[in-house]
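S.K.: prediction below, plus the sequence it came from.
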Amino acid sequence: MRLFVALTLPDGIVARLNLMCSGIPGARWVEPSNMHITLRFIGEVDEPTAEEINYNLSHIEAPAFDLGLQGLDTFGQGYKAHALWVGVSLTRELAHLQNKVESAVTRTGQPPEGRKFTPHVTLARLTKPEAGRLQSFIEGNNLFKAGPFTVDQFTLFESQPGNGGPVYTALEDYTLT
Ligand code: 3AM
């Protein structure tokens, strides 16, 4: 099974994000029900490993915290941009939780995440976007701001391929104190 750990977003914020999702030809917009903040992409694991990951995640003790969304950016630049996303404030509490999740996952033998943690909500995946259209979309929406909202849980998701893109299923929620 293909797994990842993420934070879900309040419905009102998802609705506002979804309102932004048009106006870039060729963009593959993320379904509102799929919007999230990834803490750790795990990838393909067997069932015993998934159970071990679930066990470790369920023993994480961390406080609930507030989080805000702000601004737009891309992974990759110009016509090489491949993901368009809304930024997430990297607070001390978020970094703390992400560290604990990383350690819970790597303790099961998964390779460590090599990339710097850039918390974000992906709005669209892009393939060779027209740079001008992308730039004007970013300029037109860059003042986007949402929250702060309270994060009081995190979630283990399974990702399965579907006809209209991946289908994410929440397997387990873990409460923050
Ligand atoms: O939070 P986002 O939408 O940016 O891109 C995938 C998505 O991130 C990412 O994991 C999240 C849930 O699918 N993802 C998918 N395959 C990946 C990989 N091989 C990956 N992240 C890193 N390496």
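M.R.: Now that the structure is in, tell me what you want to look at.
S.K.: ok, now how distant is residue 79 from residue 20?
M.R.: With distances taken as C-beta to C-beta, to the nearest Å, residue 79 is found 21 Å from residue 20. (Each C-beta comes from the backbone N, C-alpha and C, glycine too.)
S.K.: now swap in residue 109 and tell me
M.R.: In terms of C-beta to C-beta, residue 109 sits 39 Å off from residue 20.
S.K.: so for those two, which sits in the more crowded spot?
M.R.: Neighbour comparison, residue 109 and residue 20: the larger count goes to residue 20, with 17 against 9 (by other C-beta atoms under 10 Å).
S.K.: with adjacent residues omitted, what lies nearest to that one?
M.R.: Spatial nearest neighbour of residue 20, chain neighbours left out: residue 141 (5.4 Å); criterion: C-beta to C-beta, 6 or more residues apart in numbering.
S.K.: the one you found contacts residue 70, correct?
M.R.: No: using C-beta atoms under 8 Å, residue 141 is not in contact with residue 70, being 11.3 Å away.
S.K.: burial measure for residue 8, as a count.
M.R.: If we define neighbours as other C-beta under 10 Å, then residue 8 has 18 of them.
S.K.: OK, contacts around it?
M.R.: For residue 8, the contact set (C-beta atoms under 8 Å, 6 or more residues apart in numbering) comprises 36, 153, 155, 170.
S.K.: the second one bridge partners, please.
M.R.: Using DSSP bridges, the beta-bridge partners of residue 153 come out as residue 175.
S.K.: from the ligand, how far out is it?
M.R.: From residue 153 across to the ligand, the span is 17 Å (C-beta to the nearest ligand atom, to the nearest Å).
S.K.: who touches that residue in this structure?
M.R.: Listed by C-beta under 8 Å, 6+ apart, the contact set of residue 153 reads 8, 173-176.
S.K.: closest one of the contacts of residue 8 to residue 30?
M.R.: residue 36 (8.9 Å; C-beta to C-beta).
S.K.: ok, back up a step: buried among the contacts of residue 153? Make that a PyMOL selection.
M.R.: To isolate the buried members of those in PyMOL, using 16 or more other C-beta atoms under 10 Å:
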select buried, resi 8+174+176
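S.K.: and which of the contacts of residue 153 is nearest the ligand?
M.R.: residue 8 (11.8 Å; C-beta to the nearest ligand atom).
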